[in-house]
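S.K.: sharing a model that was predicted from the sequence below.
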Amino acid sequence: MSAIVVGGGVNGLVAATYLARAGRKVVLLEAKDALGGACATTTFATGFKGPTIAHALTALDPRVVAELKLARRGLKFAVRDMPTVALRADGKHLVIGRDVRATARGIAAHSRADAEAWPRFRRELFDLARAMRPFWWDEPKRGWNLPPTIATLRRQNLAAWLDSRFESDAVKAAVACDASGLSPLVPGSPLLLVWRGCQEMCGLQSAAAIPLGGPGALVDALTAAAKVASVELRTGAHVADILVKDGAATGVVLESGEEIVAKRVLASLSHSQLLATKAGRSALGIGESTALERSVPAVASAKVLLALNAAPNFGGSPSRGRFLLADKIETFVTAHAASRAGCMPEELALEVVVPTAADPALAPMGQHVVSIRIAPLPRHLAGGWDAAKAPLAAKAIAALERCAPGLARHVTAAQVLTPDDIAKRYGEEDEVTVERVMSDWPSRILTPIKGLFLCGAASEPVGAVSGRAGRIAAAHALREAAK
Amino acid sequence: MRYDAAIIGAGAEGLAAAALLAGAGARTIVVERSERAGGRATTREFHPGFRASPFADELPPIPADIYWALDLARRGAIFRPAPVSPAARRFLRDVERRAADIRARAVAGIDSAPDHSFFSRPAVPAPWPGEDWMALSLADVLAREPPDIAAHLAAAALSGSVADPYLAGSALHLLTLPRSGFVTGGLASLANALVGAAHEAGADISLGHDVTDIRHAKGRVSGIGLADGSEIEARAVISTLDLKRTFLSFFQWNALPKEIVHAVGTFRMAGAAARVLFALDTMLPDAARDRIHVSSDLEQLAAANTVWRTGMIAPRLPVTLRIVSAADAGLAPLGQSVVTATLGAVPFRLFDGAWTREKREVLRMQALAALETAMPGAGAHVIAAEVIAPPDIEEALGATDGDLMGGALAADQMLSAGPWPDVPFPRCPLKGLYLAGSWLAMSGTCVAGAAAARTVAADIASGTLK
């Protein structure tokens, strides 16, 4: 074997395929029985299918789609260009689409000044995104310096940044939703928004998209591409540890005791997961590992899937949108503070998608699936997450009910994945920090162990389903092999 | 008569600026609304025989060059460093160095050095000193200190202010720590010394005159208008009020250029301090000369911040107590004492209306409870108490939102030479107007005033000011 890819999520599949296409002999090891990781379609109630975690792709790298010819492998989109709809309790929902003028007209119902400011804001955001693109999208050329506008932005906090551009809570909260990984009071938090702007500008030429058949369809297409490139795919192969000799990776050992030897190992691990391995701990040394253990995030997200026996009614908004529910920026401030303290936030911020609106095959005729992402939430809840499962779902439904009256009556089944469940299934994530967002790719991909590369979503500036980390990690591995 | 410089506000900054400018030969006048000079550097009798400085017990230190240039020692302003626990001293030295670096950078305005070379890309501004603390929380920075020192330093950093100590960026609050100047006889002694220096240098001090507007035409300032309708002509006007107060109360907003209105409008203030002055009819144990932080728990500080953001009074506010009569016996009658309580996380705007008598009573009760916690039995000896709520501070000193720091302590406001990158403090886009209010980056008394005086003198000398 010339390379082993550990973890068969989107990035693992992408990395393995790129390596195999370059003529390497690659084996991909997935611990579970199915490929795809957090990007999967699950049957959560009889006849109802929904996205397990990721429900709208906001960051998929178009180069991956083109280079791996995913369209030819069956990837079709049910929706592209999903508009963002900020749901308001007063019924004045705000539709934010790609058409700047149409969006501005919608904003005018909330504030004339904001409607005027909107095109200016989009231009500014994309200017910043363009400045950061070489840094986030690829590896910048030598001599690339951080633009001065970005240096200034590192001192700004999102709340103040938006306050000086908009006056209405509706617009500010809707925009802030895309940067909810950090408290809006943290210096540098507008950078998360710029990162989103970068995805939007460079990505699928759309803010968000859903594959036909759910996110699992992307994985199917990637699997097909991997097979064509003759990657050896092994599911149910649980990696126990990474073998290291003289500071260099030599292969992996499976739980079954089987050893697989390879010069290069690409692992879809976060830093905290790497530390959970023996190899990671010994390579990083105790001091650094304690520092990393502290960086296990206090803030996480939860996922709720609802089965509905009628179409949800969001007050006449386009049902194919990405619905955001957050009253004002302060919602995120208090939710982050509460999460840090391990308490349930009083007000939840929700991102809602109705996959069946564009892809009715996911539910029985006339029935619907509602997919809800709740963030920020405490990673560790005082009293434990198990007891809070039902209350969390009830709280989310109650919040939705305010903007989509009657929805609660139609709920026939629900599936809740708490932050605990998600961490148990997919491993502990790394904390979102401004430093991580502003660090370069090698610092996130390379490890102190020679020949070991981190290729998972955790190597992105902000975790996302993009395939970019796998693509860049594969390029690193190939470059090292060429030396 | 036309003055070279008219200074609004006879606080420490205004008086220092007046003394330095007049000393350099400029015709200078200071106009003060109140009947007494001093600003926050005042000391008054709040109960017969009991005196205290109502707004602060101590001031950030005066840099040595200014102190000796104004000959303040001879005039009776004797500074004494407030005691610091030895364990915290090493940490404070580091903080002081950072604060001094930021001060040097802000005054020099290096950030704005324009790069006019035609083809080169715009220069990346060098990182500000202290920028590494932007990504850290108070809890992060203090994690390596022993727990009791960490709790003490966090409480001291947030004394009379507010922040979530677990939030990245809150470490910047530590930069306010080096405030160690205690003045014998109360802060008024400093004001008296500065008045003496200004008089001796030949500056006019006009008390009891309310400035209503700053006269300007064509982007250039020409003088100030007073409440009695008279006008004082001046080549330069120095405002010692904060950014918001200066522009929002002395100008009609529609007479100002848009970018000034926008920058001033979006500048954030964060008033969060209240004070309670206690007169006690007993001598308190002399051991407690240092400040006593009754809230030395980070979780409590975090909770208080959350409540503050909603405009409510937290059930347990962070309180800092100081037996001022222990350090300066002259403030209380023999055998009796004066204790000040500085409360943090007190909202300027309450969500449910005005600061009524009942609301003020809540502050008094909380301060009293803190006093009782720190010194059991002392509560019974309280014979008088005066509450100073955030609106009182705004009313008395003109500090917007009762914020004595001059603005919210956030990275973008602190680590910059003002809101106009091309025109660093103390200048502003209006020619002839200079800002000498307490800047965020400044952790020193008279520093802003001295910087303004120096800039005005330089601009007069270079002929920029006609």
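M.R.: Now that the structure is in, tell me what you want to look at.
S.K.: other residues contacting stretch A:117-125?
M.R.: A:100-101, A:103-104, A:107, A:165-166, A:171, A:175, A:193-194, A:197 (C-beta atoms under 8 Å, 6 or more residues apart in numbering or on different chains). Placement of C-beta: from N, CA and C, glycine included.
S.K.: could I have the buried ones of the residues you listed as ChimeraX selection syntax?
M.R.: In ChimeraX, a selection of the buried entries from the contacts of stretch A:117-125 looks like this (16 or more other C-beta atoms under 10 Å in any protein chain shown):
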select /A:103,104,107,165,166,171,175,193,194,197
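S.K.: out of the contacts of stretch A:117-125, which are inside helices?
M.R.: If you go by DSSP state H, those have A:100-101, A:103-104, A:107, A:171, A:175, A:193-194, A:197 in helices.
S.K.: report how many residues lie close to the residue of the stretch 251-400 of chain B found nearest chain A.
M.R.: Chain A sits closest to B:T266 of the stretch 251-400 of chain B, with a gap of 3.7 Å, by C-beta to the nearest C-beta. When neighbours are defined as other C-beta atoms under 10 Å in any protein chain shown, B:T266 has 13 of them.
S.K.: for chain A, what's its nearest residue on the stretch 301-450 of chain B.
M.R.: B:A411 (3.8 Å).
S.K.: return the residues in contact with that residue.
M.R.: A:154-157, A:187, B:131, B:134, B:169, B:172.
S.K.: what residues does the stretch 251-400 of chain B have near chain A?
M.R.: Proximity of the stretch 251-400 of chain B to chain A (C-beta under 8 Å from any C-beta of the partner chain) is limited to residues B:262, B:266, B:268, B:299, B:302-303, B:305-306, B:309.
S.K.: neighbour-wise, give me the winner out of those residues.
M.R.: B:N305 (26 neighbours).
S.K.: any chance you could list what contacts whichever helix in chain B runs longest?
M.R.: Looking across chain B with DSSP H, the single longest helix is helix B:86-108. By C-beta under 8 Å, 6+ apart, the surrounding residues in contact with helix B:86-108 are B:84, B:111, B:128-130, B:133, B:145-146, B:149, B:152-153, B:174-175, B:177-178, B:414-418, B:424-425, B:439, B:441-444, B:447, B:451.
S.K.: over to stretch B:162-169?
M.R.: A:157, A:182-183, A:185-188, A:336-337, A:340-341, A:433-434, B:133-140, B:154, B:158, B:170, B:173, B:270, B:272, B:298, B:301-302, B:304-306, B:308, B:344-345, B:409-411.
S.K.: so how far does that stretch reach from one end to the other?
M.R.: 13 Å (C-alpha to C-alpha, to the nearest Å).
S.K.: for stretch B:305-321, same thing?
M.R.: OK, stretch B:305-321 end separation, C-alpha to C-alpha: 19 Å.
S.K.: where is the longest strand in chain B?
M.R.: strand B:231-239 (DSSP state E).
S.K.: excluding covalently adjacent residues, which one is nearest to the residue of the stretch 251-400 of chain B closest to chain A?
M.R.: Nearest residue to B:T266 in three dimensions, chain neighbours excluded: A:S164, at 3.7 Å (C-beta to C-beta, 6 or more residues apart in numbering or on different chains).
S.K.: count of neighbours near the nearest residue to A:L182 once chain neighbours are set aside?
M.R.: Counting by C-beta to C-beta, 6+ apart, A:L182 lies nearest to A:S189, which is 4.4 Å off, once chain neighbours are set aside. A count of nearby residues for A:S189, using other C-beta under 10 Å, gives 30.
S.K.: in contact with residue 247: list those residues for me.
M.R.: Let's take chain A. Neighbours of A:G247 in contact, by C-beta under 8 Å, 6+ apart: A:283, A:448-450.
S.K.: hmm, I had chain B in mind actually
M.R.: B:253, B:256, B:260-261, B:264.
S.K.: up against chain B, what does the stretch 51-200 of chain A have?
M.R.: So the stretch 51-200 of chain A meets chain B at A:145-148, A:151-152, A:154-157, A:160, A:163-164, A:182-183, A:185-188 (C-beta under 8 Å from any C-beta).
S.K.: where do the strands sit along the stretch 351-483 of chain A?
M.R.: Here the stretch 351-483 of chain A has its strands, by DSSP state E, counting those that start in this stretch, at A:368-378, A:411-417, A:452-454.
S.K.: closest to chain B out of the ones you listed?
M.R.: strand A:368-378 (12.6 Å).
S.K.: now for the closest one, which elements pack on it?
M.R.: Counting contacts by 3 or more C-beta pairs under 8 Å, 6 or more residues apart in numbering or on different chains; DSSP states H and E, strand A:368-378 packs against strand A:48-51, strand A:299-308, helix A:329-340, strand A:350-353, helix A:389-403.
S.K.: most tightly packed of the strands of the stretch 351-483 of chain A?
M.R.: strand A:452-454 (a mean of 27; mean count of other C-beta atoms under 10 Å in any protein chain shown).
S.K.: with adjacent residues omitted, what lies nearest to B:D140?
M.R.: Counting by C-beta to C-beta, 6+ apart, the residue nearest B:D140 is B:A171, at 6.6 Å.
S.K.: show me the contacts for A:P140.
M.R.: A:134, A:440.
S.K.: could you rerun that using 6 Å?
M.R.: A:P134 (C-beta atoms under 6 Å, 6 or more residues apart in numbering or on different chains).
S.K.: re the thing from before, which one of the contacts of B:F247 is nearest to B:A77?
M.R.: B:V264 (33.4 Å; C-beta to C-beta).
S.K.: in what helix or strand does the spatially closest residue to that closest one that is not a sequence neighbour lie?
M.R.: Leaving out its chain neighbours, the residue that sits closest to B:V264 by C-beta to C-beta, 6+ apart is B:F247, at 4.4 Å. Using DSSP states H and E, B:F247 sits in helix B:243-250.
S.K.: which stretches in chain B count as helices?
M.R.: Counting by DSSP H, the helices of chain B are B:12-23, B:64-69, B:86-108, B:138-141, B:147-157, B:188-201, B:243-250, B:258-266, B:298-309, B:324-327, B:357-374, B:390-397, B:411-414, B:447-462.
S.K.: can you redo these as a markdown table with distance to B:A227 and mean pLDDT?
M.R.: Conversion of these to a markdown table gives the following (distance: least, C-beta to C-beta, whole Å; pLDDT from 0 to 100):
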| stretch | distance to B:A227 | mean pLDDT |
| --- | --- | --- |
| helix B:12-23 | 18 | 96 |
| helix B:64-69 | 32 | 90 |
| helix B:86-108 | 33 | 78 |
| helix B:138-141 | 44 | 90 |
| helix B:147-157 | 40 | 87 |
| helix B:188-201 | 22 | 95 |
| helix B:243-250 | 12 | 92 |
| helix B:258-266 | 23 | 89 |
| helix B:298-309 | 35 | 93 |
| helix B:324-327 | 35 | 86 |
| helix B:357-374 | 29 | 95 |
| helix B:390-397 | 16 | 94 |
| helix B:411-414 | 31 | 88 |
| helix B:447-462 | 24 | 92 |
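S.K.: no further questions, thank you.
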